[in-house]
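In: Return a 3D structure for these sequence lines:
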Amino acid sequence: MRRLEAFTLATLLELHQTHVAVMIHQTRYDIPLSQEEHALLQLLQEEPLVLLPVSRDRRHLLLDRLVNDLMVLEELNDFEGAADSYVSSEGA
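Out: Just a heads-up that it's a prediction; the model follows:
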């Protein structure tokens, strides 16, 4: 079994034809995109908050891991649960 590549989560800022601008720890990164990645992100960019798995070196997206890697899904679910708790406590 292949060892899993380390990743970090990035917030989608802007989608361009050849790259995507993301935010990781208050720093903006421009990551090159394939045509397939661009098409997928066009669909996702309508959401209010889009988190993307990005390689630790911040050079490429790991979109294929969204479907295949339980570690990424757990990380996204944990973040979503924390965000929901924050919103709930803010509204109280």
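In: looking at the chain, which helix or strand is least sure?
Out: In the chain, no helix or strand scores lower on mean pLDDT, DSSP states H and E than helix 70-91, which sits at a mean of 57.
In: buried ones in the longest strand seen in the chain?
Out: As assigned by DSSP state E, the longest strand anywhere in the chain is strand 7-15. Neighbour counts using 16 or more other CB atoms under 10 Å place F7, T8, A10, L12, L15 of strand 7-15 among the buried residues. (Glycine included, C-beta is placed from N, CA and C.)
In: what sits against the last one?
Out: Remark: with contacts taken as CB atoms under 8 Å, 6 or more residues apart in numbering, L15 is in contact with A21, H38, L41, Q42, Q45.
In: Which one of those sits in the busiest neighbourhood?
Out: When neighbours are taken as other CB atoms under 10 Å, the top entry among the contacts of L15 is L41 (18 neighbours).
In: State the phi and psi torsions of it.
Out: When quoted as degrees, to the nearest 10, the phi and psi of L41 stand at phi -70, psi -30.
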